[in-house]
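>>> This is the structure alone, sequence omitted:
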């Protein structure tokens, strides 16, 4: 595995890593707020809303992410009547699948964070005359984030690795370019380099969340 060879395969691998990073950012930015919204729905006193949220979480967590990606990328256009209107870019379809899947997991994480907060916090907020919005934004949510952050960090790191599933739905990303180089050159070196790139991405993410945890811990 010479340096010249590594240099020759770095450009396509970095191009694939760019797709991985973009996918990660899109999914995180959309699935976190969606997950929190689903958590609020699940805790709603409106029974139909709570039932929809619980059913959604059960379905998305109970079926393989791979199956969901295949459905959104290849299954939607096959739906009767409306399928012809659901033909979308494969990358967009895959991102939708990732967002909906991870939103369900984040919803459960946030629910656990809310359950960890003592009911006395709500009562104390009422005594202080805080509105429901003030109670949630200034008292409950900051404490929920502190509790949920380690689990969110773990899911985020898992997401970086799960982006490799894009390879299965024919969206070129890091693993795709590594596999192409392996098939072409009959060497495992591209897999090793791809592994190092994944490790670097997860390292950056791990350091980011550790800094975030320290911030919330001492606030």
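Great, that's in hand. Predicted, not measured: the structure shown is a model, and the values here were computed from it.

>>> Where does pLDDT dip in the chain?
When residues are selected by pLDDT under 70, those of the chain lie in 1, 123, 217-219.

>>> Counting neighbours, which bits of the longest helix out of those in it end up buried?
Of all segments of type helix in the chain, defined using DSSP state H, the longest is helix 3-42. Using 16 or more other Cβ atoms under 10 Å as the burial criterion, the residues of helix 3-42 that qualify are 9, 12-13, 16-17, 19-21, 23-24, 26-28, 30-32, 34-36, 38-42. Where you see a C-beta, it was placed from the backbone N, CA and C, and this is true even at glycine.

>>> could you list every residue that touches the residue nearest to residue 161 when sequence neighbours are not counted?
In space, residue 161 comes closest to residue 198 once its chain neighbours are excluded; the distance is 6.7 Å by Cβ to Cβ, 6 or more residues apart in numbering. Neighbour list for residue 198: 160-161, 174 [criterion: Cβ atoms under 8 Å, 6 or more residues apart in numbering].

>>> cool, residue 9 as well?
Residue 9 sits next to 177, 181, 189-190, 193 when contact means Cβ under 8 Å, 6+ apart.

>>> try it again with 6 Å
With contacts taken as Cβ atoms under 6 Å, 6 or more residues apart in numbering, residue 9 has the following neighbours: 181, 190.

>>> how near is it to residue 174?
Using Cβ to Cβ, to the nearest Å, we find residue 9 at a distance of 11 Å from residue 174.

>>> ok, now residue 113?
32 Å.

>>> who has more neighbours, these two?
The residue with more neighbours, out of residue 113 and residue 174 and counting by other Cβ atoms under 10 Å, is residue 174; that gives 29 against 22.

>>> how much space is there between residue 76 and residue 84?
As judged by Cβ to Cβ, residue 76 and residue 84 stand 10 Å apart.

>>> between those two, which one's more packed in?
Between residue 76 and residue 84, counted using other Cβ under 10 Å, the more crowded position is residue 76 (17 against 10).

>>> count of residues packed around the residue nearest to that one when sequence neighbours are not counted?
Counting by Cβ to Cβ, 6+ apart, the nearest residue to residue 76 once its immediate chain neighbours are dropped is residue 86, at 4.0 Å. Per other Cβ under 10 Å, the neighbour tally for residue 86 reads 13.

>>> cool, and residue 88?
Residue 88 is flanked by 13 other residues according to other Cβ under 10 Å.

>>> What's the separation between the residue nearest to residue 161 and residue 97?
20 Å.

>>> go on, residue 210?
Counting by Cβ to Cβ - residue 210 and residue 97 are separated by 29 Å.
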